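A.B. asks: what's the 3D shape of this:
(one chain, ligands or ions: 2)
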Amino acid sequence: MATPHIAAAKGQIAERILLPGDPLRAKFIAENWLTDVHQVSQVRNMLAFSGKWKGTPVSVMGTGMGMPSIGIYSWELCQVYNVQKLLRVGSCGAYTDQLNMLDLLLATNSWTDSSFAQAHNGKALSIIAPSPGLTNSIRLQAQKQGVALQEGTVHTSDVFYHGPAFNFRDVFQKHGALAVEMEAFALFYTAQQLGREAGALLTVSDSLVTEEGISTEAREQAFGPMIELALDAICQD
Ligand SMILES: O=P(O)(O)O[C@H]1O[C@H](CO)[C@@H](O)[C@H]1O
Ligand SMILES: O=c1cc[nH]c(=O)[nH]1
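C.D. replies: Ligands and ions are numbered 1, 2, ... in the order given. Modelled structure (predicted):
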């Protein structure tokens with residue numbers, strides 16, 4: 001085994017990787033978008049695939065939910081497999097009625113109330129930006145494809161089910177977070193620590209404002225526009 005958590009041999013993972021939280025979404029992306037595709041890891045059922053997008057080698061792997069999980073995979077992908085560009089393709093919950101179901105949101109910052117950075121290196125950090133190059137590639141590809149993209153800060157939370165004292169409107173007002181998800185901060189932080197590029201492109205799967213939500217099947221499969229945009233952006237240059 002190449003790492004405690006990834007079974008791929010060195011060289012089996014491309015320098016560019018898409019990272020959905022859900023390993024079945026990774027399988028769906030591999031089967032429906034990549035060519036020359038093969039599975040390269042299934043440790044803990046965290047499926048990973050490598051293949052090509054329009055001729056460029058690219059991999060896709062589930063990260064699981066939450067910062068500890070993506071922290072492990074992104075660290076091993078960078079340190080052991082020499083991955084250079086990591087793009088999260090996830091779902092998020094809207095904190096504002098400016099966002100509707102299935103809208104695409106490009107993270108331009110992640111704000112967190114987690115102690116991930118403190119735990120990693122003893123220094124607290126609550127806000128971090130994605131890599132400007134990769135983020136700009138997503139913007140440019142969206143324009144090229146004529147895909148509507150919203151942009152802004154996301155709240156990366158350790159918690160999916162908050163208690164009654166938590167008020168998402170406070171996070172929206174104080175920190176400008178348009179939506180909540182659970183991994184972007186740790187991905188941006190890990191990539192920054194290791195000198196790699198990272199970004200996050202999210203599809204709105206539910207709204208804390210209207211309490212709408214899309215189905216479990218749709219969470220796995222209805223993210224086509226995000227995937228196509230993510231693949232074009234990560235393979236640009
Ligand atoms: O759809 P994914 O990428 O898993 O992202 C979101 O969905 C999960 C919670 O349902 C968390 O991982 C959150 O970040
Ligand atoms: O973390 C998440 C992801 C989607 N929707 C939420 O409410 N939270």
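
A.B. asks: Residue in the chain with the shortest distance to ligand 2?
C.D. replies: Residue nearest to ligand 2 within the chain: Gly93 (2.5 Å; CB to the nearest ligand atom). From N, CA and C alone the C-beta is placed, and that goes for glycine too.

A.B. asks: what's the burial count for the residue of the chain found nearest ligand 1?
C.D. replies: Distances between the chain and ligand 1 by CB to the nearest ligand atom are smallest at Gly21, namely 2.1 Å. Using other CB atoms under 10 Å, Gly21 has 21 neighbouring residues.

A.B. asks: what about the least confident helix or strand in the chain by mean pLDDT, distance to the chain center?
C.D. replies: Least confident helix or strand, the chain: helix 216-221 with a mean of 74, by mean pLDDT, DSSP states H and E. Computed by CA atoms, centre = their mean, to the nearest Å, the chain-centroid distance of helix 216-221 equals 16 Å.

A.B. asks: Please save the CA atoms from that helix in PDB.
C.D. replies: Output of helix 216-221 as PDB, limited to C-alpha atoms (Å, rounded to 0.1, in the frame of the first residue of the first chain):
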ATOM      1  CA  THR A 216     -30.000  12.100  -2.500                       C
ATOM      2  CA  GLU A 217     -29.800  10.800  -6.200                       C
ATOM      3  CA  ALA A 218     -29.500  14.300  -7.500                       C
ATOM      4  CA  ARG A 219     -26.700  15.000  -4.900                       C
ATOM      5  CA  GLU A 220     -24.800  12.100  -6.500                       C
ATOM      6  CA  GLN A 221     -25.700  12.800 -10.200                       C
END
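
A.B. asks: and the residue of the chain closest to ligand 2, helix, strand or coil?
C.D. replies: What DSSP: H, G, I helix; E, B strand; the rest coil gives for Gly93 is strand.

A.B. asks: What of Gly90?
C.D. replies: strand.

A.B. asks: How about residues contacting the following helix or strand past the least confident helix or strand of the chain?
C.D. replies: Counting by DSSP states H and E, the next helix or strand C-terminal to helix 216-221 is helix 224-234. Under the criterion CB atoms under 8 Å, 6 or more residues apart in numbering, residues 16-18, 29, 32-33, 53-54, 58, 85, 87, 89, 104, 134, 137-138, 140-142, 144-145, 147, 149, 199, 201-203 lie in contact with helix 224-234.

A.B. asks: For helix 224-234, give the mean pLDDT please.
C.D. replies: For helix 224-234, mean pLDDT rounds to 96.
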